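# My questions are about this predicted structure, shown below with the sequence.
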Amino acid sequence: MRTLSQVLRETTEMFPERPSIYDPDGRTLTYRELDGQVDQLARGLLDLGVGKGDKVGLWMPNLPEWVVVYYAVARVGAVVVPMNTRYKAHEVEYILDNSEATTLFAVDAFAGIDYLSMIEGIRGRLPRLEHVVIVGGVRGEMHRYDDLLRRGADRLTDSMLAEREASCEPTDNVFILYTSGTTGNPKGAMLSHHNIAQNAKQVTEVLRASEADVFLLAVPFFHCFGCVMGIAGAITWGGAMVPMQIFKPVEALELIERFGVSVLYGVPTMFVLELEEYRKGKADGSPYQLKTLRTGIMAGAPCPVEVMKGTMEEMHCNVSIAYGLTEASPVITMTRFDDSIRRRVETVGRALEGIEVKIADDDRKALPTGEMGELACRGYNVMMGYYKMPDKTAEAIDEEGWLYSGDLATMDEDGYIQIVGRKKDMLICGGFNVYPAEIEEYLFTHPKVQNVSVIGVPDAVMGEVA
């Protein structure tokens, strides 16, 4: 087991001059430079008084600074609390208050949203929030990110940082990721260094990743898809990252060409739009050159069969389907390189190594192969629990360590999982159980359907209809 900081240091020792981040704005950081900035910022955090276990909010888009803050916070034994870049002031306030954050890193503005004004408006109601560090312009009693880097370089010795770093254990909490949920306030899923480091390694192992890979990361860093499968996955092998702040399909294809991207991440909608633009370019006689593209991950929603075929056969991207949830760090199952297209569109693959999966009945007993029930998993990837919510933790994780997903699924004799729908989404039509996901998957078989959502509405005769 290793901490995230240990993983970065080991990668830096092996590949000091290889690129770690290609910023589309022109900056390139080698692993030596990335690790050096992480050291500087870690010393800056110690100078601010950030203690082991302190919570540090992180509210910014996909920037190189996001990666530096992530690993610097991990290096000093504190806890990263990422926040959605689209959050409103009351949502930011809830998470900073609930997590008891003492420090916040943010940008001054993004996508037309004035972050500084929102922070000023809520700061007076957050007595634990001692420090606000801004990438960009600052107001009042805020710190500039660049100034904090310099403070770290000037004031503290390497021995002080080394002592703190040595006190960190792989089993320590390093992330609190707030899940949106369907009812009530968001719950903070606590993940350890080992949760993240091991899941990132295994996910990218399925992709056969190496130091030669370049990852295009348009998925948000504040989600596990971005910060675990993306950032931590690339760093595990010494690959390079190309972060996109806002996804635009044309820009994504241009970045693949420009940086020789080999690994592409996204939700199905992203792949749909990229495939459309790729076909347009080909029809116009100016095709995008995607010769370096070899693999990727599609997750977050079912994939239409025509999109999977186009991605694999036209873009030559041997894409894997991944399934998981934040509480599982996040990936539980993946399809493999040699799986058929049918398996990639009808299933979410089979469990990663070291993870057990079962399909359970309402009493949480394992069901036979082929029967439908709730998907549960057990292994290194299961979260530490929900922050300050022991009752919710006990509902999600049983005494034997099984994490219950809330998803209805079936498992075949080869261990491949098919997601049927959310347990809470089931409709009862005329006495029959109907699952919206089954209808959605059928509608997705039509080549003209890009997105679909099935909901239930009350019906006087049938009870509910879809």
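Received it, and whenever you're ready, just let me know what you need.
# Run through the strands of the stretch 201-350 of the chain in chain order.
Counting by DSSP state E, counting those that start in this stretch, residue ranges of the strands within the stretch 201-350 of the chain are 214-217, 240-243, 263-266, 295-298, 318-324, 331-334, 350-351.
# Residues contacting the third one, please?
When contacts are taken as CB atoms under 8 Å, 6 or more residues apart in numbering, the neighbours of strand 263-266 outside the stretch itself are 207, 209, 213-219, 225-226, 229-230, 239, 247, 252, 256, 271, 274, 293-298, 317, 319. Where you see a C-beta, it was placed from the backbone N, CA and C, and this is true even at glycine.
# picking up where we left off before, quick one, which of the strands of the stretch 201-350 of the chain gets closest to Ile419.
Of all those, the one in closest proximity to Ile419, counting by CB to CB, is strand 318-324 (6.7 Å).
# quick one: the closest one to chain centroid distance?
13 Å (CA atoms, centre = their mean, to the nearest Å).
# And stretch 44-64, by the same measure?
A distance of 19 Å separates the C-alpha centroid of stretch 44-64 from that of its chain, computed with CA atoms, centre = their mean.
# mind checking the end-to-end distance for it?
17 Å (CA to CA, to the nearest Å).
# likewise stretch 46-65?
The stretch stretch 46-65 measures 18 Å between its terminal residues, going by CA to CA.
# which parts of that stretch are buried?
Of all the residues in stretch 46-65, those buried under the rule 16 or more other CB atoms under 10 Å are 46, 48, 50, 54-65.
# next one: stretch 177-192
Neighbour-count burial for stretch 177-192 flags Leu177, Tyr178, Pro186, Lys187, Gly188, Ala189, Met190, Leu191, Ser192 (criterion: 16+ other CB under 10 Å).
# on that earlier part again, among the buried residues of stretch 46-65, name the ones in strands.
Assignment to strands by DSSP state E places the following of these there: Lys55, Val56, Gly57, Leu58, Trp59.
# so who does Gly379 touch?
Going by CB under 8 Å, 6+ apart, Gly379 touches Gly354, Ile355, Glu356.
# ok, so of those residues, who is nearest Pro330?
Each of these was checked against Pro330 using CB to CB; the closest is Ile355, at 11.6 Å.
# hey, what's that closest one bridged with?
In this entry, Ile355 is beta-bridged to Gly379, by DSSP bridges.
# Isn't it up against Arg378?
Yes - A contact is recorded between Ile355 and Arg378 when judged using CB atoms under 8 Å, the distance being 7.3 Å.
# so Asp398 makes contact with Ala360?
No - between Asp398 and Ala360 there is no contact, the gap being 9.5 Å when judged by CB under 8 Å.
# follow-up on the earlier one: in ChimeraX, how would I select the buried members of the contacts of Gly379?
Entered in ChimeraX, the line below selects the buried ones among these, by 16+ other CB under 10 Å:
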select :355
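# What are the buried residues along the helix or strand harbouring Leu96?
Secondary structure here is read from DSSP states H and E; on that basis Leu96 sits in helix 89-99. Neighbour-count burial for helix 89-99, with 16+ other CB under 10 Å as criterion, is recorded at Glu91, Val92, Glu93, Tyr94, Ile95, Leu96, Asn98, Ser99.
# ok and that helix relative to strand 55-59, angle-wise?
On the basis of axes from the mean of the first three to the mean of the last three CA atoms, to 10 degrees, helix 89-99 is oriented at 160 degrees to strand 55-59.
# Helix 89-99 packs against which elements?
strand 55-59, strand 79-82, helix 115-123, strand 173-179, strand 187-192 (3 or more CB pairs under 8 Å, 6 or more residues apart in numbering; DSSP states H and E).
# and the fourth one, how far out from the chain's middle?
The reference is to strand 173-179. On the basis of CA atoms, centre = their mean, the separation between the geometric centre of strand 173-179 and that of its chain is 11 Å.
# So which residues make contact with it?
Outside of strand 173-179, the residues within contact range by CB under 8 Å, 6+ apart are 3-4, 53, 55, 73-74, 79-83, 95, 98-99, 186-193, 195-196, 223-224, 227, 325-327, 384, 387.
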